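J.: Generate a structure from the sequence data that follows.
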Amino acid sequence: MVTAIGTRSRHARPTPPPQPSPASQGREFLPPPPAGEGWGGGVAAAISRPSGNHPRPHSQLQLDAPPLWNTDGADLPNRSASRFVAAGNLRWHVQIMGHGPVLLLLHGTGASTHSWADLAPLLAKHYTVVAPDLPGHGFTEPLPARRLSLPGMAEAVAQLVQALDVKPALAVGHSAGAAILIRMTLDARIAPRAIVSLNGALLPFTGLAGVLFLPLARLLSLNPLVPRFFAWRALDRRAVERLVQSTGSTLNDRQLAFYIRLLRNAAHVQGALDMMANWDLRALAEDLPRLEVPLTLVAAERDGTVPPTQAEQVRALLPTALVVRLAGLGHLAHEEDAARVAALIQKVDHEPR
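T.: Residues are numbered from 1 along each chain as shown. Now for the predicted structure:
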């Protein structure tokens, strides 16, 4: 079954600030990293909401240090919902907001919780949203090399969910985040009533690209100069603008600024490269037919990163999947038109399948 959603609204209302979530009350959280530190800094348990000082000039290049909470995170969207949590020998940055059934929200490769700036507060009106930075991204520590596979990443997120003592009723993932959620469900680490894949990257490359992608990604991730080069290139705003444009999406200056900031950080770039270098989707494709949880495949028609036709290929493997097409949007559809995507997620959750 295929449905289509029309063009985006040009007059979206401003998103209200997130409200504190009952799910975060009474839990023990870690203190934020000390000023001047990114990942690390100890794992002493304490109830804490991160606090920060004045932001660092964001034109600055960071070649060695990971993103710093008191500077890079000083104006992070939905910062009041941020918490730091110890799980699976990692310090995680996670945002928790809203009331109602738990909705687990996973971003894609190279992004962070900033990607949900407008969508998360809309969903928080109806759900308790749990949105982490994936390992090696944003303000979450990286996984060791032996755990960087898709099953390893899924296990890491499952350990976070367990540490938070939440049971996701709904799972929503963008791009690679959708693959992680499906893997978690197949491995019985979560049992949501539905999964929503937003432009999900769920199938391996085919042809020559399939032969070359993993070896090339691994070669790039092993060279310490590569993330530094990408971070240096991000000093040119136009280079990042071209990268975003290649996804088929159009972002405003505020949204673009966070990608520029992340891509100017070599540690964040390294985390994205490490993830891609270990991202073998062949086993997931083989296992898709045994997924019993209803899956909705949202495919933006202008997506330049994951071809919209991939949704039909996934549906061929899993005939029960529902394909929903989004007209006028690209790979970052949830940033371009958060209101439309939020309405779609609610519709999927409430319609019987």
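
J.: Would you map the strands across this structure?
T.: 2-5, 82-87, 90-98, 102-106, 128-132, 170-174, 194-198, 295-300, 322-326 (DSSP state E).

J.: how many neighbours does the spatially closest residue to residue 305 that is not a sequence neighbour have?
T.: Once flanking residues are discounted, residue 305 sits nearest to residue 331: 4.1 Å by CB to CB, 6 or more residues apart in numbering. Heads up, the C-betas are built off the backbone N, CA and C, glycines and all. Other residues near residue 331 come to 25 when the count uses other CB atoms under 10 Å.

J.: Same check on the one 3 residues further on?
T.: Taking other CB under 10 Å as the neighbour definition, residue 334 ends up with a count of 30.

J.: Hmm, it is touching residue 341, no?
T.: Yes - the pair residue 334 / residue 341 is scored as a contact, 4.6 Å apart, by CB atoms under 8 Å.

J.: okay, and the common contacts of the two?
T.: The contact sets of residue 334 and residue 341 overlap at 119, 198 (CB atoms under 8 Å, 6 or more residues apart in numbering).

J.: Where does pLDDT dip in the stretch 201-350 of the chain?
T.: Along the stretch 201-350 of the chain, segments meeting pLDDT under 70 span 205-223.

J.: Kindly recompute the last result at 80.
T.: Under the criterion pLDDT under 80, the flagged ranges of the stretch 201-350 of the chain are 205-230, 277.

J.: Return the set of buried residues in stretch 343-353.
T.: 344-346, 348-349 (16 or more other CB atoms under 10 Å).

J.: again, but for stretch 313-331
T.: 314-315, 318, 321-326, 328-331.

J.: Also stretch 332-344?
T.: Counting neighbours by 16+ other CB under 10 Å, stretch 332-344 gives 332-342, 344 as buried.

J.: starting at the chain centroid, how far to it?
T.: 14 Å (CA atoms, centre = their mean, to the nearest Å).

J.: Now tell me what touches it from outside.
T.: Contacts of stretch 332-344 (CB under 8 Å, 6+ apart): 5, 8-9, 12-13, 15, 115-119, 122-123, 174, 196, 198-199, 244, 247, 249-251, 255, 298, 300, 303, 324, 326, 329-330.

J.: Helices - which of those land there?
T.: Among the contacts of stretch 332-344, the members found in helices (DSSP state H) are 119, 122-123, 244, 255.

J.: Between the strands of the chain, which one is closest to residue 228.
T.: strand 90-98 (23.2 Å; CB to CB).

J.: and the angle for the closest one with strand 82-87?
T.: 130 degrees (axes from the mean of the first three to the mean of the last three CA atoms, to 10 degrees).

J.: And strand 90-98, what does it pack against?
T.: strand 82-87, helix 119-123, strand 128-132, helix 150-164 (3 or more CB pairs under 8 Å, 6 or more residues apart in numbering; DSSP states H and E).

J.: Of the ones you listed, flag the one that's most buried.
T.: Each of the helices and strands packed on strand 90-98 was scored by mean neighbour count; the highest is strand 128-132, a mean of 27, by mean count of other CB atoms under 10 Å.

J.: Each with direction, which strands does that one pair with?
T.: strand 90-98 (antiparallel), strand 102-106 (parallel) (DSSP bridges).

J.: Any chance of those strands in CSV with mean pLDDT, distance to residue 235 and mean neighbour count as columns?
T.: CSV is the format used below for the strands paired with strand 128-132 (pLDDT from 0 to 100; distance: least, CB to CB, whole Å; neighbours: other CB atoms under 10 Å):
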stretch, mean pLDDT, distance to residue 235, mean neighbour count
strand 90-98, 97, 25, 25
strand 102-106, 98, 29, 27
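
J.: Compare those strands and report which one is nearest to residue 79.
T.: Nearest of those (CB to CB): strand 90-98, 8.3 Å.

J.: Now the closest one - C-alpha only, PDB.
T.: Written as PDB, here are the backbone C-alpha positions of strand 90-98 (Å, rounded to 0.1, in the frame of the first residue of the first chain):
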ATOM      1  CA  LEU A  90      29.500   5.300  27.500                       C
ATOM      2  CA  ARG A  91      28.500   8.800  28.600                       C
ATOM      3  CA  TRP A  92      25.400   9.500  26.500                       C
ATOM      4  CA  HIS A  93      23.800  12.800  25.800                       C
ATOM      5  CA  VAL A  94      20.100  12.300  25.500                       C
ATOM      6  CA  GLN A  95      17.100  14.700  25.400                       C
ATOM      7  CA  ILE A  96      13.900  13.700  27.200                       C
ATOM      8  CA  MET A  97      10.800  15.700  27.000                       C
ATOM      9  CA  GLY A  98       7.000  15.500  26.900                       C
END
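
J.: Just want the angle from it to helix 150-164.
T.: Going by the same axes, to 10 degrees, strand 90-98 makes 60 degrees with helix 150-164.

J.: farthest pair in the buried residues of stretch 313-331?
T.: So, these by CB to CB: farthest apart are 318 and 328, at 26.6 Å.

J.: got the buried residues for stretch 282-299?
T.: Quick answer for stretch 282-299 (16+ other CB under 10 Å): 284-285, 288, 291, 293-299.

J.: Stretch 141-152 now?
T.: 141-143, 147-152.

J.: Spit out the contact partners of the residue nearest to residue 196 when sequence neighbours are not counted.
T.: Nearest residue to residue 196, sequence neighbours excluded (CB to CB, 6+ apart): residue 172, at 4.5 Å. Residue 172 is in contact with 103-106, 123, 181, 195-196, 198, 345, counting by CB under 8 Å, 6+ apart.
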